[in-house]
Each structure stands twice: as structure tokens, then as C-alpha cells.
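In: everything below, folded, please.
(2 chains)
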2 protein chains.
Amino acid sequence: MALSDLEASQRNDGGIATAVGILKQRFGDQLQTNQSLLEQHSHTMTYIPSQLPDAVIFPNSTEEVQEIVRTCAEYKVPIIPFGTGTSLEGNVNAPAGGISIDMMRMNQVLKVNAEDLDVVLQPGVTRSELNVHLRDQGLFFPIDPGADASLGGMAATRASGTNAVRYGTMRDNVINLTVVMPDGSVVKTGGRARKSSAGYDLTRLMVGSEGTLGVITEMTLRLHGIPENISAGVCQFPTVEDACNTTILAMQSGLPMARIELLDSLMTQIINDYAGLDYAPQPTLFLEFHGTDAGVAEQLELFRDIAGEFGGSDIQWVSTVEDRNKLWQARHDAYHGMLAHRPGCQGIATDACVPISRLAECISETIADVEELDLICPIIGHVGDGNFHSTPLIMMDDPDEVARAEEMIERLNMRTIAMEGTCTGEHGIGQGKRRFLQLEHGTGVDVMAAIKRSIDPDNIMNPGKVVRLD
Amino acid sequence: MALSDLEASQRNDGGIATAVGILKQRFGDQLQTNQSLLEQHSHTMTYIPSQLPDAVIFPNSTEEVQEIVRTCAEYKVPIIPFGTGTSLEGNVNAPAGGISIDMMRMNQVLKVNAEDLDVVLQPGVTRSELNVHLRDQGLFFPIDPGADASLGGMAATRASGTNAVRYGTMRDNVINLTVVMPDGSVVKTGGRARKSSAGYDLTRLMVGSEGTLGVITEMTLRLHGIPENISAGVCQFPTVEDACNTTILAMQSGLPMARIELLDSLMTQIINDYAGLDYAPQPTLFLEFHGTDAGVAEQLELFRDIAGEFGGSDIQWVSTVEDRNKLWQARHDAYHGMLAHRPGCQGIATDACVPISRLAECISETIADVEELDLICPIIGHVGDGNFHSTPLIMMDDPDEVARAEEMIERLNMRTIAMEGTCTGEHGIGQGKRRFLQLEHGTGVDVMAAIKRSIDPDNIMNPGKVVRLD
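Out: Residues are numbered from 1 along each chain as shown, chains lettered A, B, ... in the order given. Next up is the predicted model:
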């Protein structure tokens, strides 16, 4: 796990001191350097050791971000855009120091265009703040990573979550971004039309670039109407393979599942314990169906038939809105539940995503590895997308256990890539997955590096993440 | 329309002669230089004058494309990827000469992964060839520009068509591309997983890059199950505004329209004449609904209610598969119908796409311009996407008429951009829309140019298209 190597040697101490001085004079209390704040801005939900920035700055506008970026550009000082700090792969670490730009004061919903099903907002709005804002208008924003992340961070990481199987990921739901580029210029990547063939797709280039190409300061997102009927339930299975095969057949049948989340036996038990639920400790699918009343009834009937072929239980309906919220909150809290399950452990997130036809095989082989390597490793996943997280719960002071976890993760990622899948369906590359990015994309990484160099020749935007330029 | 300016002065005659000689020796009859073939490879469905390449070459494999590109790179010779030549903005012209790579011999469907709803194929397969290939498997590929274009060309142009309102555009339906880069290296942009957060989105960067960043030699596309129920029909309205408002309300209501195509009175009459149909010559929507039997019934009921509010006629159902195919073929042949309507004219395609809330206003103001400027200009469009084509039919030897058409197009594109839309929903920039790209994207075009320079520093890939580097 020695992934915190690089760039410390490349610290530009003189430039950093100068830029921090200039920005302090200009921005006063908006710039802070106290130790606990620095720690907070490098501590993320990750096994990768923290690397602190030299200062944290809190801009209020695109213009302020421009000023900050121009100063940093002049003195070649790293800039690390920061939202809620819930990324999992060291994405907000500061390996060569520099300035963390905390975007959370830019948290205004600027305009809901209900008639166009879009919203214009600042990047510090979180997904649940947006949904609270929208509720009265019969609209919602579906993308829901486990954490209540900032929408800017979600765009930067190309995040998804439980609804992606039906509504797509941030790739599909970001319409337009305003970005401050590494030279301080401002780019709007698109308009508000539903489609465009006007030049290179800068929106999609910025989505998933993890702050390495610019700082997102405004965004337009696609919204969806709240369906007439939302029905959630739980279906349990004899084996993980049965639950996978049910998922595969449901997807292949074109069932428009809104959510279909797998939990293995251990994960079901962990969620029971953490959230006060009482499902049988066996492989489980958490389900949600969206549509008209008649449409949902049709979907249910088809799903029941499929689940029945694989020994699925009767569906246990979650009838009230409160119980439904409780179910999905429990799902979103899975990571915290895992940490509570083995006090003192570190959960090492994995993020395999494979073609749906390979899902059962990929999970089964991973379970065999977990048994062989004697690890504690619950599995939970967005299986309708072929995406699952098997998370070894590791005592980091036990080198043997760490080594066994590394072996398991290595096998998992290599298996995933061999199956034409990806090492990361939704978490991003950050520092932690750069080696696997290379194995997965090969010469494509050279193209990514060429793009990075062309847009950020001095490598000031979140250096050491996604692609390395050394 | 002096859009065929540039780059002729930049011809690299010596390099071209050398490269053509080397490639002729290596590839024999796969390389051709006869005049009619050169003309064929620059003649496209466009008002922009042809600019011929110096040779046309027909590769059979990715490896052959690599050899060709390496030779062209060595002698800095332009390469223009060519599919069916049905682009509309001079996208395959050769302003500085060079070699047209005709990809149509690479026309194999390599693998249908029915269980993953995807297909791996070569770029010379056309959309209708693919659908014939898939028919027995209950699957289809929805994207359908008017022409029976090659899928490689459709990816390069970020094409869409009548089904995009339900199934998305090429942006959404290309999973992975194999691309020969300007230095001859081969890049695979993705895997086959449904989603990925692994680095910059090279797939979406290549989709819509119009051959300016590399040559697509293999592709993986998303497929869809043929719905249980497909119902097509025609609904007619007192005014274009009524038809637009019906569309807007249908979309805002979340109706999952599969197709919703507007024809103004003139266009309805043109299609009647060209395809032997007999709809009343008034504003018309061609409709299609996809779903289960019950789902389609529900959609129809809701659509009828909405259309009724705006004076819509009873829906005239198209009951047999043959009649349905005839209806959509007539729609796809609209461009040819327009040319036949005014013999000797040139149709100047426009491609406005605006947020749906601005659609009625945008079309109404455009119609007022057409009347003021005394033009013949039928309108047809994918109005569910806010995308419509108003196509002045112009006698190019009448300078006054040409000037009035230019004025109308200028107003239309400026209006579209002012409404936060785009000058091109699906045709691409090519040579014809570079000025509007600049007006629409501003500093974003600098970023596009930086990317272009970083990937193709000698500007050999389809030079003079999308972004200019001079």
C-alpha cells in the first residue's frame, strides 16, 4: 500500500510560501493554515495516509477562484479542489503540498428550470441538499453515492450510486460545467440543450477528471420527475450466485430496475446490526421499482418470475416512505457499518465493474479468494451495473493481513480487467488506482497524459492524481 | 458561404507525392487516384464546394490503418477518414489535399454479446446493416440519422436521429472504441462495463471529434431489446406552435416517447409527394411509442390528453410493420424529398437545438424570418430533443437568394446560442460551423485546440475541421 510516495520531493517551498502570503493578504480569513483544518482537508475515507496541504482557502465565487488559480499558476503552486472529502482513493491528498480550495461556501442552487428538467447550481451543494430543495417541485436528482457528497466532487469523480442502473451516472446527468482552467481562464463546457455535436465533448472530459484539469465553479444538472409509483422491497436468496443470476436475467430482460443492490450474508448482518434491521443473514437484494402504478405492477410480476427461478424469497415490501428511507439510508451507511463491525479496522474499498454476463463468475471467484486468504470481506454492490464493492476489513498494524488483502485486491482488479471490466466503476483513480489504470488502459494513459500536459503544463491542478507526468 | 477557404495554401505537395508513392507500392490496388473516385470522396451532401483528396485508400484492418497513418505521419500528409460521405458540413473535404481513408471494407460485425446488450464491430458497418444482422436476436441499435451512414462516421459526428429522444445519441451508445492515433499507436478507449471512473473519458472525447484526433477502427456499441409493443401514428395540428407545445408538455410530463418528429405544412406536403403518402398538408407529428402492451396503452392515453389540449387530431395509426417502415423511411428521405421539391436547388441544412422550453419560440421566430426574407424553407425536426432542421432550398446561382439564406441562418444560429442551445444538435462542425462553434463555446475552443495540438501536433488528422490551428 505504499501509495503515498511521489511528489513530496517536488515541493516548491519558496513558491508555496509566496503564494500563501499573497493570498492571505488578499483573502484574509478566507485562507487558513491551522493544523486541524489542514488535517481535515487531507483526511479522507481511505487507507492511503494523509498528505497535508499548506493552506485551505474558501472562495465565494468563480471570480475568487480565478484569482486564487492565477496566483497559484504564477508561482507554480499545487491546487487541490475539495468538496466533502469523502473520496476513497486519496483523491484530495496534497503529495507536494499546496493549497486546498474548499468549495463548500459556494453552495447555492441558482436556478431550477423545471420545464427543461435541469438545475443550475454551485458545486458545494450536496446531493441531499439538492433533493430537499427540489422536493416541492416533483423533481429529483438520482445520483447517490454512499456519502452525502458535494455535487462538484461527484462530477469530478464521475460518481454514481444505487440509481445509476436506471438513471445513469454523473457522466449522463451533467449538462454543462463552468470550469476555472489552470491558467485562470473560465470555460463553459456546454449549453442547456439535450444534445450537441458542437466540437469536442469538454463536459465529459471534465467529468471524471478529478480536479486535475480545472476547478468546477458552476454546474447544470439533469433532473427527473418523481415517479407516480415507487415500490421498494427486499428479496433473499440461498446463494450469492442465485442473487447475481436473478440480477443478470432481470437486466437482460430489459426490466427497468430503479435500484438492485446485492448484499452478501455478512453484509446483510452488518447492516442489520448498524441500522437496526432484521433481515435473515443470507444473500439479499434490496430493490426499487419506479413507474406508473400499472408499470410497476408489470415490473414486479416479471421480477417475481425471475427471482423464483433462482430460489428467491417472497419480496418483503417496505411500505411506508419512512421505512423506505430507512432501508436506503442503511444501504448508504454500509461503509460505516463495516467499520463498526470490526472496531479498529480499515475498510479497503474496491470497485470492480464487469460486463453483466461475467458478474456471477467474478463475484464467486472473489469469494473463493477471500476464503483462501482468510479475510473478513463483506460484499455490497450495484449489481445491475455489474459493479460491486468487496471490502476487506483490515487491521493495518498486522503486516501479514495487509499483505493478504493486497493479494486479494490484486487478483480482483486483474480479474476485472481480464473480463473487459474496470478497476473502478465509480470511485475514480486518485492515487490508489494509478497502477491499475495503466494496466487497464495501456496506451490510452499516454493520451490522458498528453491532454493533461496540454491543459495544465505546469502540473498545478491536483498533481499526482489519475495520471503521473514524471 | 465562402467556407472552402483555408489550408489550400498549406499543401505539402512533396510530402503527399512521396507518401502516395510509398503507399501505392505497399498497398497496390487498395490505393486509387482516379478522378471520379476522388470526387466521390469529397462530394458530400453539402452546400460547401468539394475539395479533393490526392488519393483514396481502402484498408482491411487496424494494422493496415496503422501502416497508412505512420507513413502519412512521417511525411506530414493529411488523412481524412471516410465512411458513406453523408455528412453535411464539409466534414470529409480535403482542403490541403492528402489521403482519404475509406473505411467501408472494414464492415464486419465481429461479436454480438446478447447477454450484455452490446456488439463489437468494424466502423464500415452501416446502421441498417447492423439492424438486419441483429433482427433474429430480438435486439436493435436505435441511432438513425437520415442517411444509412456508417457507424464509424456516426460515432465521429456524434450523430443521433429520430430515436434519440428515448435512447440517446452516439454519445450514450458507444461503449468502447479502438482508435489509430496520429502517431500510429493504437488506443482502446474503454472496456465493456456499463460504467467506469477510470481516468479521462477518452470514449466521449473521440465521439464527435470528426476524425480530427484519430481513425476509429473498431467499436463496441450498446444494444437495446426490441420492445414488446411498437405503435406508430400521426397526429396533426392547427399550427406549428400547437405541435411544439404538445411536444413540450409530453416531454415535461415524463412521457417516454420513442419518436416525436415535427413536420411543418410544407414538409408534410413534400413528404406526401416524395413518398406517396397523403396526410393533410398541415403541421404534423410523426409518433412512435415503445413498451409493453399495457405501458404503450398508458402512454397513448396520456399523449392523447395532451394533444387534445392543443387541437391535435385523432391519431392516425400505422398498423402494419410495412406501413410503419414506410412512414419512417419517408421521414429519413426528407432531405431528398426537399431537393426534389425544388429541382436544381441546394438544401442548406441547419441543426438548431434548444432547451425544450424555448422550442416553440425558437421555431416561431425562425418562421417569421423565413417569411420576411421570402425563402422556401421546410422545417422538420427531432422536437422531443429540442432539435429541428429548417432547410432553405436555394438556387446557388442567385446571389440575392443566397444572401437572404445566409441572413436567415445567421439569425437562427445566433438565436439558438442566445437561448443556451447549440448551432448543431447532431450534424457536427466540419468546415461549415467553425465560426458558430467559436461564438457558442468561446474560450472552450481554445481548450479544444490545445487538446488537438497535444494529440495531433502536426495537424495531419482531418485538418481544417472543427478547430483551426492557425
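In: quick one, longest helix in chain A?
Out: Assignment by DSSP state H gives helix A:399-418 as the longest helix of chain A.
In: pull the residues that contact that one.
Out: Outside helix A:399-418, the residues that touch it by CB atoms under 8 Å, 6 or more residues apart in numbering or on different chains are A:1, A:348, A:350, A:352-354, A:362, A:365-366, A:369-370, A:373-375, A:377, A:390, A:392, A:394-396, A:422-423, A:433, A:436, A:439-440, B:191. C-beta here means a position set from N, CA and C on the backbone, and glycine is covered the same way.
In: repeat that with 6 Å
Out: Around helix A:399-418, the neighbours that count as contacts under CB atoms under 6 Å, 6 or more residues apart in numbering or on different chains are A:348, A:350, A:352, A:354, A:366, A:369, A:373, A:375, A:392, A:394-395, A:423, A:436, A:439-440.
In: now stretch A:327-340
Out: With contacts defined as CB under 6 Å, 6+ apart, stretch A:327-340 is touched by A:146, A:261, A:270-271, A:274-275, A:277, A:286, A:318, A:347, A:378, A:380, A:391, A:393.
In: let's see 7 Å
Out: Under the criterion CB atoms under 7 Å, 6 or more residues apart in numbering or on different chains, residues A:45, A:146, A:162, A:232, A:261, A:267, A:270-271, A:273-275, A:277, A:286, A:318, A:345, A:347, A:378, A:380, A:391, A:393 lie in contact with stretch A:327-340.
In: do the same with stretch A:35-48
Out: A:1, A:3-4, A:50-53, A:56, A:82, A:85-94, A:100, A:102, A:335, A:346, A:348, A:431-432.
In: same thing but 8 Å
Out: Contacts to stretch A:35-48, defined as CB under 8 Å, 6+ apart, come from residues A:1, A:3-4, A:50-56, A:80, A:82, A:85-94, A:100, A:102, A:147, A:335, A:346-349, A:394, A:396, A:430-432.
In: buried set for it?
Out: Of the residues in stretch A:35-48, A:38, A:40, A:41, A:42, A:44, A:45, A:46, A:47, A:48 count as buried by neighbour count, 16 or more other CB atoms under 10 Å in any protein chain shown.
In: check stretch A:18-29 too.
Out: So, applying 16+ other CB under 10 Å, buried residues of stretch A:18-29: A:19, A:20, A:22, A:23, A:24, A:27.
In: does the fifth one belong to a helix or a strand, and which?
Out: For residue A:24, the enclosing helix or strand under DSSP states H and E is helix A:13-27.
In: for that helix, packing partners?
Out: Secondary structure elements in contact with helix A:13-27, counted by 3 or more CB pairs under 8 Å, 6 or more residues apart in numbering or on different chains; DSSP states H and E, are strand A:31-32, strand A:55-57, helix A:62-74, strand A:99-102.
In: how about 7 Å then?
Out: strand A:55-57, helix A:62-74 (3 or more CB pairs under 7 Å, 6 or more residues apart in numbering or on different chains; DSSP states H and E).
In: next structured bit after the longest one?
Out: Yep, that's helix A:62-74 we're talking about. The C-terminal neighbour of helix A:62-74 among helices and strands, as given by DSSP H and E, is strand A:79-82.
In: anything in stretch A:288-302 near chain B?
Out: Yes. Interface with chain B: stretch A:288-302 contributes A:292, A:294, A:295, A:298 (CB under 7 Å from any CB of the partner chain).
In: dump those into JSON lines; add pLDDT as well.
Out: Below are the residues of stretch A:288-302 next to chain B laid out as JSON lines (pLDDT from 0 to 100):
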{"residue": "A:292", "pLDDT": "93"}
{"residue": "A:294", "pLDDT": "94"}
{"residue": "A:295", "pLDDT": "94"}
{"residue": "A:298", "pLDDT": "95"}
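In: got a quick ChimeraX command for the buried subset of those?
Out: Buried residues within the residues of stretch A:288-302 next to chain B, by 16+ other CB under 10 Å, are selected in ChimeraX with:
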select /A:292,295,298
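In: for PyMOL, what selects the buried ones among the contacts of stretch A:35-48?
Out: The PyMOL selection below is limited to those of the contacts of stretch A:35-48 classed as buried (16+ other CB under 10 Å):
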select buried, chain A and resi 1+3+4+50+51+52+53+54+55+56+80+82+85+86+87+88+89+90+91+92+93+94+100+102+147+335+346+347+348+349+394+430+431+432
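In: ramachandran angles for residue A:270?
Out: Residue A:270 adopts backbone torsions of phi -60, psi -40, taken as degrees, to the nearest 10.
In: ok, it to residue B:215 distance?
Out: Distance of residue A:270 to residue B:215, computed by CB to CB, to the nearest Å: 50 Å.
In: all strands of the stretch 351-470 of chain A, in order?
Out: Ranges of strands within the stretch 351-470 of chain A are A:352-353, A:379-382, A:387-390, A:393-394, based on DSSP state E, counting those that start in this stretch.
In: what lines up beside the third one in the sheet?
Out: Strand A:387-390 has its sheet partners listed here by DSSP bridges as strand A:352-353 (antiparallel), strand A:379-382 (antiparallel).
In: please identify the deepest-packed of the ones you listed.
Out: With neighbours taken as mean count of other CB atoms under 10 Å in any protein chain shown, the strands paired with strand A:387-390 reach their highest mean count in strand A:352-353, at a mean of 28.
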